[in-house]
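**Student:** the following comprises the amino acid sequence and a computationally predicted model.
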Amino acid sequence: MTNLQNDRFLKALRREPVDKTPVWLMRQAGRYLPEYRKLREKSGSFLKMCKTPELACEVTLQPLARFPLDAAIIFSDILTIPDAMGLELGFVTGEGPKFNKTVSDVESLRALAMPDPEIELRYVMNAIRTTKQALTQRVPLIGFAGSPWTVATYMVEGGSSKTFSKINKMRYQSPALLMQLLEKITTVTTQYLQAQIAAGADAVMIFDTWGGVLTTEAYAQFSLAFMQRIVDDVKHFSENTPIILFTKGGGQWLEKMATTGCHALGLDWTLDINQARSRVGSKVALQGNLEPACLHGDENVIRQQVASILAKYGSGSGHIFNLGHGITPDILPEKVAALVDAVHEMSQQYHQVTVS
Ligand code: 1CP
């Protein structure tokens with residue numbers, strides 16, 4: 001039961017009938033929007049925007065004012081958790097996130113704080129509460145967190161990495177230390193997502209951006225096992241709140257991800273959604289999987305690619321249209337308008353059932 005005016009996204013997550021395929025985009029609020037760049041300049045920094053609920057709310061709503069998207073995602077970042085655990089997050093222009101402190105040994109692990117989401121991360125909960133009010137039940141609001149493995153890569157590397165050399169070294173030389181770090185992040189992340197749901201998030205997504213760099217065995221041990229615990233404990237807290245798991249580069253593990261009990265899997269663009277559906281479709285909904293670079297194409301190209309993904313998914317509910325990863329800052333907003341319209345218009349033929 002929901003009072004939402006548009007609950008297509010939540011219905012599709014539950015694989016219940018819908019009139020059109022719902023669509024939202026990863027990083028739909030961000031640098032490709034001139035109004036985002038303007039507000040960021042005015043507010044001084046990305047973190048300031050995240051930590052000021054009114055600004056986070058304004059940014060969250062920016063893409064919805066332009067496009068008829070079927071969901072909003074709270075403007076925040078997966079790195080709020082390590083910041084609240086004491087690593088002191090900063091963003092260096094052109095270089096991305098940088099932590100003042102990292103986790104490298106037993107002492108730095110012990111020094112980590114275990115933040116209370118309604119204290120140290122209250123600004124995120126306030127952003128959710130403010131945004132829920134401002135949305136006036138138009139569309140659902142998605143909450144999110146990074147997967148413990150993905151968040152750990154930033155905590156050990158001290159920022160973004162291409163090689164993951166420090167965390168891989170830890171994985172082979174001090175696996176017990178890494179497991180303890182993942183345990184701590186898992187505990188904090190579970191409470192964080194539960195608090196987001198209590199504050200008003202209608203669904204939650206776990207971004208495992210770097211799970212795909214692992215071997216099959218290491219993925220099961222260092223990433224999926226911890227996401228499993230989060231799924232169990234979030235479901236225990238709120239049985240009906242849908243949970244979406246997204247491991248970028250994790251296409252080979254879809255069946256395993258589907259058995260966690262999550263409600264939907266995010267797909268990057270390297271998979272064929274038809275094959276993905278036949279592998280797991282009766283267990284979970286699927287979200288994705290347009291190549292983000294497709295938005296460099298003209299409107300006809302975008303429409304062709306949308307038509308192709310919709311046809312490959314085929315008839316019936318259970319698909320949430322999205323990109324296979326975040327929208328990049330060099331995309332023109334007009335392309336997003338074309339994409340959203342194409343999904344709504346061309347998907348109707350795949351939903352011929354009567355919707356009550
Ligand atoms: O203005 C700026 O320069 C900041 C750019 C930016 C934005 C818009 C960052 C820095 N984070 C965000 C917002 C953000 N991050 C959202 C908002 C909601 C939305 O989707 O609209 C979300 C869900 C994230 C999640 C996030 N942050 C992930 C997981 C998803 C993904 O994209 O893979 C990751 C890995 C991060 C870390 C991060 N945040 C920002 C940067 C530059 C990075 C590093 C990325 C990297 O290491 O490559």
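**Tutor:** Perfect, I can see it now. Numbers count the residues shown, from 1 in each chain.

**Student:** in the helix ranked longest in the chain, what counts as buried?
**Tutor:** Taking DSSP state H as the criterion, the chain has its longest helix at helix 175-199. If you call a residue buried by 16 or more other CB atoms under 10 Å, then helix 175-199 has these buried ones: 177-178, 180-182, 184-197, 199. Glycine gets a C-beta too; all of them are placed from N, C-alpha and C.

**Student:** so where do the helices sit in the stretch 151-300 of the chain?
**Tutor:** Ranges of helices in the stretch 151-300 of the chain, per DSSP state H, counting those that start in this stretch, are 165-173, 175-199, 216-218, 225-237, 254-258, 273-280, 299-313.

**Student:** sorry, that was for the stretch 1-150 of the chain
**Tutor:** Here the stretch 1-150 of the chain has its helices, by DSSP H, counting those that start in this stretch, at 8-13, 34-43, 46-51, 53-66, 80-82, 106-110, 122-135, 148-157.

**Student:** and the ligand, which of those is closest to it?
**Tutor:** With CB to the nearest ligand atom, the closest approach to the ligand among the helices of the stretch 1-150 of the chain belongs to helix 46-51: 4.1 Å.

**Student:** can that closest one be found next to the ligand?
**Tutor:** Yes. With CB under 6 Å from any ligand atom as the measure, helix 46-51 is seen reaching the ligand through Phe46.

**Student:** tell me what that helix is packed against?
**Tutor:** helix 34-43, helix 53-66, strand 89-92, helix 122-135 (3 or more CB pairs under 8 Å, 6 or more residues apart in numbering; DSSP states H and E).

**Student:** lowest-confidence stretch among the ones you listed?
**Tutor:** Of all those, strand 89-92 carries the lowest average pLDDT, namely a mean of 92.

**Student:** and that strand, how far from the chain's centre?
**Tutor:** 21 Å (CA atoms, centre = their mean, to the nearest Å).

**Student:** how about that strand: buried residues?
**Tutor:** In terms of neighbour count (16+ other CB under 10 Å), strand 89-92 has its buried residues at Leu89, Phe91.

**Student:** who does the worst-scoring helix or strand of the chain on mean pLDDT pair up with?
**Tutor:** In the chain, no helix or strand scores lower on mean pLDDT, DSSP states H and E than strand 89-92, which sits at a mean of 92. Partners of strand 89-92 in the sheet, by DSSP bridges, are strand 96-99 (antiparallel).
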